[in-house]
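Colleague: sequence and predicted structure below; questions after.
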Amino acid sequence: MASAHDTPAPVLQVSGLAYRVSPEFGLRDIAFDVDAGEGVAIIGSNGAGKTTLIRLVAGLLKPRAGEVRVCGTDARRWGRVSGHLGYVQQSKELPDGVTVEAYVRHQLRLHRAEPARLGELLALAELESCAGQSVRTLSGGSQRKLHIITAVAHRPDLLILDEPTAGLDAAARQTLLHMLAGLKKDGVAVLYASHHRQELEALADSVVVLHRGRQAKDASLEDIASSAGNPRLVLESHPDADPGPLQEWSEGLLLSHEGVQAVHPTRTGAAIELRDGEHPEALGEIVARAHAGGIRLRAAFYNRATLAEIVRTIAQHQGWGES
Ligand SMILES: Nc1ncnc2c1ncn2[C@@H]1O[C@H](COP(=O)(O)OP(=O)(O)OP(=O)(O)O)[C@@H](O)[C@H]1O
């Protein structure tokens with residue numbers, strides 16, 4: 001017969017967590033679990049409390065109420081749980097005049113990790129060819145990878161990151177997400193604060209949605225997808241042109257283009273909401289039609305709802321409005 005002992009405790013259990021940042025702002029009643037190998041994204045608009053929650057879980061802040069358990073142990077027993085955690089800060093200064101190899105060796109000692117892991121960790125971050133380079137001269141993406149390999153040097157069960165790809169270009173972001181997905185595959189749970197849908201799509205198995213210090217209860221990735229709405233093509237008219245003709249012309253697309261679901265006027269033009277699905281041709285087609293129709297455009301871009309917009313929609317569904 002199966003018993004409770006057969007199921008390992010979640011890597012992280014957060015319950016009833018509260019923290020007062022200032023008289024105006026606090027986190028309250030936050031609860032979620034993270035299982036081995038699971039990716040959990042903490043999302044919310046600016047100032048929602050994501051970094052505060054990350055810092056609470058990483059043991060840098062002391063909760064006012066509630067509990068954080070790491071692999072079944074109360075996180076207040078820091079000496080027992082710290083070996084299970086790896087933490088990557090949003091920005092961390094690197095020392096001057098230190099090579100990548102020397103830096104990783106030093107971090108291995110600090111984390112009491114096996115010195116022999118050096119080569120394996122450099123390979124994980126594809127930094128072998130940079131071993132002799134000064135850490136300060138690495139690209140932003142490589143510096144971020146360096147922080148990740150040092151955070152996992154001691155083989156933690158949970159890796160905690162605050163906005164892992166913030167400030168990186170598209171290629172570096174892709175590389176980093178690939179590396180983190182690899183760690184997840186190896187069984188490392190990943191908890192991260194995020195503003196990017198790409199990070200969510202690449203790593204998240206579940207989500208913690210924060211809005212002004214409150215958690216949307218039972219919010220799921222399906223809720224995120226359904227709150228995201230349809231993708232949009234945003235057309236802006238030329239600065240010295242009246243946006244009226246563009247808006248009127250866009251309305252006509254409702255009848256003439258089967259991919260168009262709705263048209264919303266904007267201050268400078270129109271947002272054309274597309275039906276659900278992929279639309280590889282729509283932008284080019286619609287811009288070409290506008291040009292042929294004598295519409296002068298300043299800009300045209302494909303736009304999906306941002307995570308902040310999605311969270312606002314979820315908050316409205318929770319009846320929180322803007323308060
Ligand atoms: N040391 C502090 N003193 C006073 N207020 C603070 C302090 N640190 C954070 N805050 C406030 O607490 C709230 C939550 O901040 P936090 O950084 O956790 O939000 P966030 O969701 O990570 O935001 P962002 O997405 O902008 O990074 C914000 O209103 C912020 O202004």
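Modeller: Received the coordinates, thanks.
Colleague: quick check: domain ranges of the protein?
Modeller: Domain ranges of the chain: 6-227, 232-304, per automatic domain parsing.
Colleague: residue ranges for the strands of the chain, please.
Modeller: Counting by DSSP state E, the chain has strands at residues 12-20, 26-34, 39-43, 65-70, 73-74, 85-88, 158-162, 189-194, 206-211, 214-215, 232-237, 260-265, 269-274, 297-303.
Colleague: which positions in this structure make contact with the ligand?
Modeller: If contact is defined as Cβ under 6 Å from any ligand atom, the residues of the chain in contact with the ligand are V21, S22, F25, G44, N46, G47, A48, G49, K50, T51, T52, A193. C-beta: built from backbone N, CA, C; applies to glycine.
Colleague: which members of those residues are the farthest-apart pair?
Modeller: Within the residues of the chain next to the ligand, S22 and A193 form the most distant pair, 19.1 Å apart (Cβ to Cβ).
Colleague: okay, the two: which has more neighbours?
Modeller: Shown here are S22 and A193; by other Cβ atoms under 10 Å, A193 has more neighbours (26 against 6).
Colleague: make JSON lines out of the strands of the chain and add mean pLDDT and distance to Q318.
Modeller: Compiled in JSON lines, the strands of the chain are given as follows (pLDDT from 0 to 100; distance: least, Cβ to Cβ, whole Å):
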{"stretch": "strand 12-20", "mean pLDDT": "97", "distance to Q318": "18"}
{"stretch": "strand 26-34", "mean pLDDT": "96", "distance to Q318": "13"}
{"stretch": "strand 39-43", "mean pLDDT": "97", "distance to Q318": "14"}
{"stretch": "strand 65-70", "mean pLDDT": "96", "distance to Q318": "20"}
{"stretch": "strand 73-74", "mean pLDDT": "94", "distance to Q318": "30"}
{"stretch": "strand 85-88", "mean pLDDT": "95", "distance to Q318": "30"}
{"stretch": "strand 158-162", "mean pLDDT": "96", "distance to Q318": "25"}
{"stretch": "strand 189-194", "mean pLDDT": "97", "distance to Q318": "20"}
{"stretch": "strand 206-211", "mean pLDDT": "95", "distance to Q318": "8"}
{"stretch": "strand 214-215", "mean pLDDT": "94", "distance to Q318": "8"}
{"stretch": "strand 232-237", "mean pLDDT": "92", "distance to Q318": "24"}
{"stretch": "strand 260-265", "mean pLDDT": "90", "distance to Q318": "24"}
{"stretch": "strand 269-274", "mean pLDDT": "92", "distance to Q318": "24"}
{"stretch": "strand 297-303", "mean pLDDT": "90", "distance to Q318": "25"}
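Colleague: could you dump those to TSV with distance to L253?
Modeller: What follows is these, written out as TSV (distance: least, Cβ to Cβ, whole Å):
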stretch	distance to L253
strand 12-20	47
strand 26-34	43
strand 39-43	32
strand 65-70	51
strand 73-74	59
strand 85-88	45
strand 158-162	42
strand 189-194	34
strand 206-211	34
strand 214-215	39
strand 232-237	9
strand 260-265	5
strand 269-274	6
strand 297-303	13
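Colleague: wait, which of the ones you listed is closest to A170?
Modeller: With distances scored as Cβ to Cβ, the stretch of the strands of the chain nearest to A170 is strand 297-303 (14.5 Å).
Colleague: need the contact partners of that closest one.
Modeller: With Cβ atoms under 8 Å, 6 or more residues apart in numbering as the contact definition, strand 297-303 has outside contacts at 231-239, 246, 268-269, 271, 279, 282-283, 286-287, 290-291.
Colleague: please indicate which of these are buried?
Modeller: Burial by neighbour count, judged by 16 or more other Cβ atoms under 10 Å, picks out 231-237, 246, 268-269, 271, 279, 282-283, 286, 290 from the contacts of strand 297-303.
Colleague: buried deepest among the domains of the chain, which one?
Modeller: Neighbour counts (mean count of other Cβ atoms under 10 Å) averaged over each of the domains of the chain peak at domain 6-227, with a mean of 18.
Colleague: just so I know, which of the strands of the chain lies nearest Q107?
Modeller: Minimum separation from Q107 across the strands of the chain (Cβ to Cβ) falls at strand 85-88, 10.8 Å.
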